[in-house]
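Enquirer: Sequence and predicted model, in that order:
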Amino acid sequence: MKTLTFLLLLLLSCVATSQAFEDPGEPHLLDFIASEHDRQYTSVPHEVLAFYYTWYGRPDRHGQWIHWGGEDKTAHDIPESRHYPARGAYDSQDPALIAAHITGAKALGLTGFISTWWGQGSYEDHTFKLLLDQAETNNFKTTIYWETAPGKGREQISRAVSDLVYVLKNYGSSRAFLKVDGKPVIFVYGRVMGEVPLASWPAIITQTRAQAGDFLLIADGYNENFARMFDGLHTYNNCAQVQGKSPTELRAWSRESYASAVQLARQQGRISCVTVIPGYDDTKIRKPGLAVDRQDGEVYRVLWREAIRAQPDWVLITSFNEWHEGSEIEPSREDGDKYLKLTAEYAPLFLAEKPIHASVAAKPAISADQLRQLRGLFHGRTIGVLPEFGGTAYWLLDAGLPVKELSWAEVADPAVLSLKNFPVLLQAGGEYYSSTGKVAGDVLPALQRYLASGGFLLSMPDQQPFPFYYDSTTGKPQVIANQIGLPVRQGWEKPPADAQLEFHFNTNTVPGLPLAAPFPTDGDLRWRPAVRAAVGRDDLYVPIASLFDSNGRSFGDGIAYVELRSPPLTGGRTLYVWMRMDDVGGKDKLLPAIFKFVGEKLAGPQ
């Protein structure tokens, strides 16, 4: 059964990035992302696909109930189902049932099923073979929903590759298997996205392609990391966002959410998917659970209308028959065939729309003169990127500046992390770092050694606010930011009530920034300011973006430059940029100005 815990798993995957198996023969994450840039899908035929569950079984076929937990026909009750199917508790491996599902789905305007899949030889795997046979006969499409990738490190990578190769070799050549440009398409559920560290995906994808040929992965989750790495984006379930909204509120939310999802995918030339649900109710199987009232079909209607308006490549339906969570459109005793009729109304409307020929946005959105200037400043100077990076590293990649991702083992190796190789080092992720590169505790002295040699550490976290806060080898707080010259301190979780907060920028030091800009009013407002007291007394501290209230009270700095003149870091330089500064100053103004400043510091005398 699906759960809503995949969001936590997704966060853990970011934490575990540095813990992934590192094989020098496999591309680093940033190198892999760069190599995937040209995999773009700018004109994709429309599909309407429903998530389909093949895990149900009856005792008369299997000797036991599978996923139903029993059936009381008189009371019209199934222990593990919120609603009672019009067909009763059926068996997913009944060929006649599969044929009826496919025939009925096609009549609605569905073009295919995304079928739950739990590994080689599983119950769902055996059922998928039957589904694929029926899909071939009925000119219908289907693919798998890859649900789990157990294991860690090398073992997990091998298992994932084995599963993908198995699917592609056994099923991918079928004319019924969903394809784009002749390549098989596989959907990846959020559980897998959480279980597999980001740094493991280059090995999984490249090894699978080498063994089974090219294929597409559609990742569960809308974020830039996934948009850069995978062929498309989707989300399985938006019930938490839909819950409790009136039709008017739902319309506003879905209009903004769907447009954002489509834009994110198309910015990278990826396949865009949006998901519609009729409702949701898992309170029979989970406590306390979560329920989204169907509002007599209005939830489904609103989401379908906004999905069509958003002009995605594909619309996904959650679900055709996930009876545990009450998201099914298959006929039930409670709702009859209402949701089949609604699907038959909206799916053909979407399919009749002409597919969008999307143009990948030019990136970054700065002038050609600025790009030439930056490339000149960094000519012959490679920017080292620490693991667990975010959007700033991508911006550098798009700008054509020389970047190289480093593993923590490479950070700890003085032959790799040196001033000659990397005159500037970028931290662009969240709060996690690894204390262990090759041996326990070797990363901190390696960073200190780098700074003392004249190195430049630029910290621009964009996922979490306090850099170098948690040691990912233990998962516990072990703050080393101040030990490597970053002048950051704890601030607040939320700004003072009713405070009128404004940044004042030092444009003499960093030209190109605005003179002033307000503090954000929404999103993540955790404030981790730079302060003079966080570095040595002899160090040169230069505030670049200072935060004040309307009474002139100072709350520290959002950007600060430090020249380290106190042992043991004498000779090093750091620049700290609070995680929300690109929202404050505008990304396409802030980043060129910051990297121009860094490049000029590298080029000039210290």
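Expert: Nice, I can see it. Residues are numbered from 1 along each chain as shown.
Enquirer: what's the offset of stretch 41-50 from the middle of its chain?
Expert: Taking CA atoms, centre = their mean, to the nearest Å, one finds stretch 41-50 lying 20 Å from the centre of the chain it belongs to.
Enquirer: Any idea how far apart the tips of it sit?
Expert: Separation of the first and last residues of stretch 41-50 by CA to CA, to the nearest Å is 21 Å.
Enquirer: Give me the pLDDT for the residue nearest to Ile277 when sequence neighbours are not counted.
Expert: Using CB to CB, 6 or more residues apart in numbering and skipping residues adjacent in sequence, the residue nearest Ile277 is Thr318, 4.9 Å away. C-betas here are computed from N, CA, C, even on glycine. Listed pLDDT for Thr318 reads 98.
Enquirer: do Gly485 as well
Expert: Each residue has a pLDDT score; the one for Gly485 is 98.
Enquirer: pretty sure it is touching Val562, no?
Expert: Yes - the pair Gly485 and Val562 passes the contact test of CB atoms under 8 Å, sitting 5.7 Å apart.
Enquirer: Mutual contacts of these two, please.
Expert: For the pair Gly485 and Val562, residues contacting each of them under the criterion CB atoms under 8 Å, 6 or more residues apart in numbering are Val535, Asp539, Arg573, Thr574.
Enquirer: possible to save the residues you listed as CSV with secondary structure?
Expert: What follows is those, written out as CSV (DSSP: H, G, I helix; E, B strand; the rest coil):
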residue, secondary structure
Val535, coil
Asp539, coil
Arg573, strand
Thr574, strand
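Enquirer: which one among the residues you listed gets closest to Gln93?
Expert: Gln93 lies nearest to Thr574 out of these, by CB to CB, at 61.8 Å.
Enquirer: Just give the number of residues close to the residue nearest to the closest one when sequence neighbours are not counted.
Expert: Nearest non-adjacent residue to Thr574, counting by CB to CB, 6+ apart: Gly485, 4.2 Å away. Other residues lying near Gly485 total 27 when counted by other CB atoms under 10 Å.
Enquirer: In contact with Gly485, which residues?
Expert: In this structure, Gly485 makes contact with Leu451, Leu457, Val535, Asp539, Val562, Leu564, Leu569, Gly572, Arg573, Thr574, judged by CB under 8 Å, 6+ apart.
Enquirer: and this protein, what are its domains?
Expert: If you go by automatic domain parsing, the domain ranges for the chain are 93-102+113-220, 232-352, 368-603.
Enquirer: Asp72 is nearest to which of those domains?
Expert: domain 232-352 (12.4 Å).
Enquirer: I'd like the distance from the closest one to the chain centre, please.
Expert: Chain-centre distance of domain 232-352: 20 Å, with CA atoms, centre = their mean.
Enquirer: now do stretch 436-445
Expert: Relative to the mean C-alpha coordinate of its chain, stretch 436-445 is positioned 29 Å out (CA atoms, centre = their mean).
Enquirer: circling back: right, and the domains of the chain - which one's nearest Ala75?
Expert: Here domain 232-352 is closest among these (CB to CB), at 10.8 Å.
Enquirer: residues near the nearest residue to Gly109 once chain neighbours are set aside, how many?
Expert: Spatial nearest neighbour of Gly109, chain neighbours left out: Ala347 (3.1 Å); criterion: CB to CB, 6+ apart. Residues contacting Ala347 under the criterion other CB under 10 Å number 23.
Enquirer: Show me where the stretch 1-150 of the chain has its strands.
Expert: Secondary structure of the stretch 1-150 of the chain (DSSP state E, counting those that start in this stretch): strands located at 47-52, 112-117, 141-146.
Enquirer: My error: substitute the stretch 151-300 of the chain in the last question.
Expert: Along the stretch 151-300 of the chain, the stretches classed as strands by DSSP E, counting those that start in this stretch are 179-180, 183-188, 216-220, 232-234, 271-276, 280-281, 291-292.
Enquirer: Quick check: which of those strands is nearest to Ala50?
Expert: Relative to Ala50, the nearest member of the strands of the stretch 151-300 of the chain by CB to CB is strand 271-276, separated by 9.8 Å.
Enquirer: Now do the same for the closest one: mean pLDDT, whole number.
Expert: Model confidence over strand 271-276 averages 98 on the pLDDT scale.
Enquirer: what helices or strands is it leaning on?
Expert: If you count contacts as 3 or more CB pairs under 8 Å, 6 or more residues apart in numbering; DSSP states H and E, strand 271-276 packs onto strand 216-220, strand 232-234, helix 247-267, helix 298-310, strand 314-317.
Enquirer: let's see 7 Å
Expert: Here strand 271-276 is seen to pack against strand 232-234, helix 247-267, helix 298-310, strand 314-317 when contacts are counted using 3 or more CB pairs under 7 Å, 6 or more residues apart in numbering; DSSP states H and E.
Enquirer: Between these, which one is closest to Tyr123.
Expert: Taking CB to CB as the measure, the helices and strands packed on strand 271-276 were each checked against Tyr123, and strand 314-317 came out nearest at 23.0 Å.
Enquirer: List of residues touching the closest one?
Expert: Residues lying outside strand 314-317 but in contact with it, judged by CB atoms under 7 Å, 6 or more residues apart in numbering, are 46-51, 234, 271, 273-276, 307, 329, 350.
Enquirer: and if you look at stretch 455-468?
Expert: For stretch 455-468, the external contacting residues (CB under 7 Å, 6+ apart) are 14, 390-392, 419, 423-431, 433, 451, 479-481, 484-486, 488, 526, 528, 572-577, 579, 598, 601-602.
Enquirer: Any regions of the chain where pLDDT drops low?
Expert: Screening the chain residue by residue with the criterion pLDDT under 70, one finds the ranges 1-26, 359, 361-363, 605-606.
Enquirer: cutoff 50 now
Expert: 1, 3-24 (pLDDT under 50).
Enquirer: Name the nearest residue to the residue sitting nearest the centre point of it, ignoring sequence neighbours.
Expert: Within the chain, the residue whose C-alpha comes closest to the C-alpha centroid is Asn223; the distance, by CA atoms, centre = their mean, is 3.7 Å. Among residues not flanking Asn223 along the chain, Leu264 sits closest, at 7.8 Å (CB to CB, 6+ apart).
Enquirer: could you dump stretch 389-398 to CSV, C-alpha only?
Expert: Coordinates of the C-alpha atoms in stretch 389-398 are reproduced here as CSV (Å, rounded to 0.1, in the frame of the first residue of the first chain):
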residue,chain,number,x,y,z
PHE,A,389,24.8,20.7,-4.4
GLY,A,390,21.7,22.7,-5.6
GLY,A,391,20.7,25.3,-8.1
THR,A,392,23.8,27.5,-8.0
ALA,A,393,25.9,24.7,-9.4
TYR,A,394,23.4,24.3,-12.2
TRP,A,395,23.5,28.0,-13.0
LEU,A,396,27.3,27.8,-13.4
LEU,A,397,26.8,24.8,-15.7
ASP,A,398,24.3,26.7,-17.8
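Enquirer: sorry, back to before: which one of the helices and strands packed on strand 271-276 lies nearest to Leu130?
Expert: strand 314-317 (21.4 Å).
Enquirer: Would you indicate which residues of the closest one are buried?
Expert: Under the neighbour-count criterion of 16 or more other CB atoms under 10 Å, strand 314-317 has Trp314, Val315, Leu316, Ile317 buried.
Enquirer: Report the contact partners of the closest residue to the third one other than its chain neighbours.
Expert: The spatially closest residue to Leu316, leaving aside those adjacent along the chain, is Thr275, at 4.6 Å (CB to CB, 6+ apart). With contact set as CB under 7 Å, 6+ apart, Thr275 has these partners: His234, Thr235, Tyr236, Asn238, Leu316, Thr318.
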